[in-house]
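> Dropping the sequence and predicted coords here.
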Amino acid sequence: MITLISNKGEEKNIDSLNGDSTVRDALMHLAPEDSEKLPKNFVAGKVNGELKDLSSALGTSEAKVEAVVIDSEDGIEILRHTTAHIMAQAVVSLYKDTDLTIGPVIENGFYYDFDTPHNFTPDDYKKIEDKMNEIIKANYPISREDISKADAKKRFASEKYKLEIMDGIPDDSVSVYKQGDFEDLCRGPHLPSTGYLQAFKITSTAGAYWRGDEKNPMLQRVYGTAFPSKKDLKSYLTMLEEAKKRDHRKLGKELDLFSTSEDIGSGLILWHPKGARVRSIIEDFWKKEHYKNGYSIINTPHVAKVDLWKKSGHWDFYKENLYSPMDVDGQDYIVKPMNCPFHIEVFNSNLRSYRDLPIRYAELGTVYRYERSGVLHGLLRVRGFTQDDAHLYMRPDQLEDEIRKVLRFILYILGSFGFNSYDMYLSTRPEKSVGSDKDWERAETALKNALTSEGLDYIVDPGEGVFYGPKIDIKIKDSIGRSWQCSTVQVDFNLPERFDLNYRDEEGGETRPVMVHRALMGSLERFFGCLIEHYSGAFPLWLAPVQVKVLTVTDRTNDYAEEVASKLLEEGVRAEVDKRNEKLGLKIREAQLEKIPYMVIVGDNDLNDKTVSPRSRDKGVMDAMSLEKFMELVAEENVVGGVK
C-alpha cells in the first residue's frame, strides 16, 4: 500500500502502485480528477523521507510518498540546484576551455566553481543570463542515469575535477544528470525540465581555491539565486540592495567605529573611540545583568600550556584552528582558543558540595582562532574575538530549570538590543559522540521540556548536536529579515570526564556535575556587526556613542554651547560640541551622516533666552525649550531597550 501525502498534509491510500511505479505515477493520484497532467508546482517527491525525482521508481510497494512543491523548502533547494546546472551549461557553452567542479546550493542561492582562463566580471552576467534563458526556453527534459563509476570515469575522462570527485566516492556507481547536450555528475534530485525555472539572477563572483585549500588551483566562483516567482526574486534583490547600504564594513569606516590594519594582521580588530564606547556600554550592561542573574564574573589568562589543550581535547579536535606554540622557559604555550578549560580549573580549585550548585561562571574572554584569509569578513569572521562566555555546573535534577533560566536570559538580552524575532533550533545527537545513551536522552529531554515550558517554538535539527552534547541555537532576525547565528546553549558530557569534575553529593559520595556552555550574544565583534547592520548605524539613544551634538550658529554662542554640553555630560549624556567656523547647514548635514540621535542648535535667541533648539534624528526639528526640559526628554528615552 502506498500512502500519498499532499502538500497540504492530506493523506490518500493507493493499492494499485508497486515498486516499478514512478514518483510521478504516485503523485498523479493527487491531481484533479479531470486532469491528465501533474500540477506544475509538483517538482519532486519524498519516498519514506528520501527526496526523489518525479521520474524515479518508488522501489517499494509499501511507502509514504509526499508531494514536494516548488515553493516549499525542499522545492526551493531543488530549484536552485537545477539553476546551478543551467548556469554551468550556459558558461561552458559561452567560454571554451572551462572545466567544471561543483555547484552546491547555499543559503539564499547557489554557486558554481569554474576553472577557466576567462576572468568573469559583472559585464558577463547578462551574457550568461541570456544564455540561461535560451536553455530555459528550450525546456530540455532533465534525466537521471545511474552508471558504474568505471563508465563514469570514461565519460568524464577529460574533466580532472570530476575524476577527483569520483575518487572520493566509496560507492561503485554514481548518478549523472543530463539536459540537452549538457551532463554533470550529481546526486540530485532536479526539476523535471529546464522550463520550470522562472526567476533567477547572477549576483556576484569571487575567487575560491579548489576544496578550500590554498595549495590547490584558484577557481572562479559565480554566485546566483533563484526563486519560484519573479515577485519573490524582486523582494530578495531589494533586500540585497538594502543590505549593501547596511554593510557593517562600509558603515564602520563612515562612522569611525573600527578598522583593521595589514601592519597588525588580518582578522584582528582595532576598536576606535566611538566603537569602543558602544562596546563599553554593551559590556557594562552585560556585567550588570549577569550579577542580577546569579553569575560570578571571572577573568582568565590569554595563554596556557599546550598540555591543557591536550587534556581538554581541543588540541586533537581543533588543531587546524589553533595557533602555533610559543616556547616559554622550555614549555610550549598557545594563545587560548576557548575559555572553558580555565573555568573548569576555577571550579576544580575548591571542593564543591551539592548545596553549592548551581555555580555559574561568566567571562568576556578574548580568544584567538586561525581562520583562512579567504573567509575573514569584517567583524563577522575574525581571528581574535571576545566571547560572552559562561559555564554552568549543576546537579542533574537542576538541568531543566537552569536551561529555562538561560533561555529567559537570552531573550531578555536580545530583546534589549532590539532583536525580537528569532528561530530556535534543537540539535540532537550526531553519529559520532561521547556520553551514554542515558545522558543524551536526559539532556535532550531537558532541552525539549525547557523550550516547551517557556512556550517557545523550535525546529529539531536531527544529528546536528556537537559530539559532546545536544544544544539549542538561536538565530536572530534583523530589521530586513536576515538570520544571524548568535546565542547558543550546549550540554557537555566530554569536559567533566576529561577534567574529572566532581561534587560531594547528599550521601557524601562524589558525583559528576552536568556542565552547560552558554553564550547570549556569541562574540562582541560579531554581535556589534549585527547591531550596525540591524540599525544601519543609527543606534538607539542608549547605545549611541555620541547622543547629543551641540552646534553653534556663530562664535558668540561658543561659550554657551560649552556650558550646555558640560551640563549634559554631568547628567551622563554623551555630548560633543561643534563650534567650527562653518555654516550651520554643513554642521547639521555632518551630524546627520554621523547618525547622531539629537542635535542641539544654540543661536543668539537661545543664548539670550537660555534655551536650546533640538533637532531629532527621528522626529526632525523640535520647538525651542529649556535645557532642563530637553534633559528630561533625553532621560526618558535613554534607557536600556529604549528602541524607537
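Sure, I can see it. Numbers count the residues shown, from 1 in each chain.
> What is the burial count for the spatially closest residue to Phe409 that is not a sequence neighbour?
Leaving aside its chain neighbours, Phe409 sits nearest to Asn293 (5.6 Å; criterion: C-beta to C-beta, 6 or more residues apart in numbering). Every residue, glycine included, has its C-beta placed from N, CA and C. Neighbour count for Asn293, taken as other C-beta atoms under 10 Å: 16.
> hang on, isn't Asn293 packed against Val406?
No: with contact defined as C-beta atoms under 8 Å, Asn293 does not count as touching Val406 (9.2 Å).
> what residues do those two have in common as contacts?
With contacts taken as C-beta atoms under 8 Å, 6 or more residues apart in numbering, Asn293 and Val406 have no neighbour in common.
> what's the pLDDT at the residue lying closest to Thr300 once chain neighbours are set aside?
Leaving aside its chain neighbours, Thr300 sits nearest to Phe342 (3.7 Å; criterion: C-beta to C-beta, 6+ apart). Note on Phe342: pLDDT of 97.
> neighbouring contacts of the helix or strand containing Leu240?
Leu240 belongs to helix 230-246 when assigned by DSSP states H and E. Helix 230-246 has contacts (C-beta under 8 Å, 6+ apart) with 108, 198-201, 203, 225-227, 250, 480-482, 532-534, 536-537.
> Distance from the chain centre to that helix, please.
How far helix 230-246 lies from its chain's middle: 18 Å, per C-alpha atoms, centre = their mean, to the nearest Å.
> in it, what counts as buried?
Residues of helix 230-246 classed as buried: 232-233, 236, 246 (neighbour count, 16 or more other C-beta atoms under 10 Å).
> Now, the contacts of helix 230-246 that are in strands?
199-201, 203, 225-227 (DSSP state E).
> In stretch 584-604, which residues are buried?
For stretch 584-604, using 16+ other C-beta under 10 Å, the buried residues are 587-588, 591, 594-603.
> Take those residues and write them to TSV, including pLDDT.
Converted to TSV, the buried residues of stretch 584-604 look like this (pLDDT from 0 to 100):
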residue	pLDDT
Lys587	97
Ile588	96
Ala591	97
Glu594	97
Lys595	97
Ile596	98
Pro597	97
Tyr598	98
Met599	97
Val600	97
Ile601	96
Val602	96
Gly603	95
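> Farthest-apart pair in those residues, please.
Lys595 and Gly603 (23.6 Å; C-beta to C-beta).
> Mind listing what's buried along stretch 248-265?
For stretch 248-265, using 16+ other C-beta under 10 Å, the buried residues are 248-249, 251-252, 255, 257-258, 260.
> List the contacts of the closest residue to Glu77 other than its chain neighbours.
Once flanking residues are discounted, Glu77 sits nearest to Val105: 5.2 Å by C-beta to C-beta, 6+ apart. Shown in contact with Val105 (C-beta under 8 Å, 6+ apart): 77, 80-81, 84.
> Closest one to Ser626 out of these, please.
Nearest to Ser626 among the contacts of Val105, with distances taken as C-beta to C-beta, is Arg80, at 60.0 Å.
> Name the SS class of that closest one, please.
helix (DSSP: H, G, I helix; E, B strand; the rest coil).
> What separation do you get for it and Asp74?
Using C-beta to C-beta, to the nearest Å, Arg80 is found at 11 Å from Asp74.
> neighbour count winner among those two?
The neighbour comparison of Arg80 against Asp74 (other C-beta under 10 Å) goes to Arg80, with 23 against 17.
> so that one sits right up against Ala226, yeah?
Yes: with contact defined as C-beta under 8 Å, Arg80 and Ala226 form a contacting pair (5.0 Å).
> Give me the common contacts of these two.
What both Arg80 and Ala226 touch, as defined by C-beta under 8 Å, 6+ apart, is the set 109-110.
> circling back: same list (the buried residues of helix 230-246) but as CSV, adding distance to Asp505 and pLDDT.
Shown next, in CSV, are the buried residues of helix 230-246 (distance: C-beta to C-beta, whole Å; pLDDT from 0 to 100):
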residue, distance to Asp505, pLDDT
Asp232, 57, 96
Leu233, 60, 97
Tyr236, 56, 94
Arg246, 53, 96
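> distance of Ser373 from Arg381?
10 Å.
> Of those two, which one has the most company?
In this view Ser373 and Arg381 are compared by other C-beta under 10 Å, and Arg381 has more residues nearby, 16 against 9.
> Let me see the contact set for the more buried one.
267, 371, 375.
> if we can go back for a sec, by neighbours, which of the contacts of Val105 wins?
Busiest of these [other C-beta under 10 Å] is Ala84, holding 26 neighbours.
> Take the buried residues of stretch 248-265 and write them to TSV, including secondary structure, distance to Tyr140 and pLDDT.
Formatted as TSV, the buried residues of stretch 248-265 follow (DSSP: H, G, I helix; E, B strand; the rest coil; distance: C-beta to C-beta, whole Å; pLDDT from 0 to 100):
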residue	secondary structure	distance to Tyr140	pLDDT
His248	helix	43	96
Arg249	helix	41	96
Leu251	helix	45	97
Gly252	helix	47	97
Leu255	coil	50	97
Leu257	coil	51	98
Phe258	strand	50	98
Thr260	coil	47	95
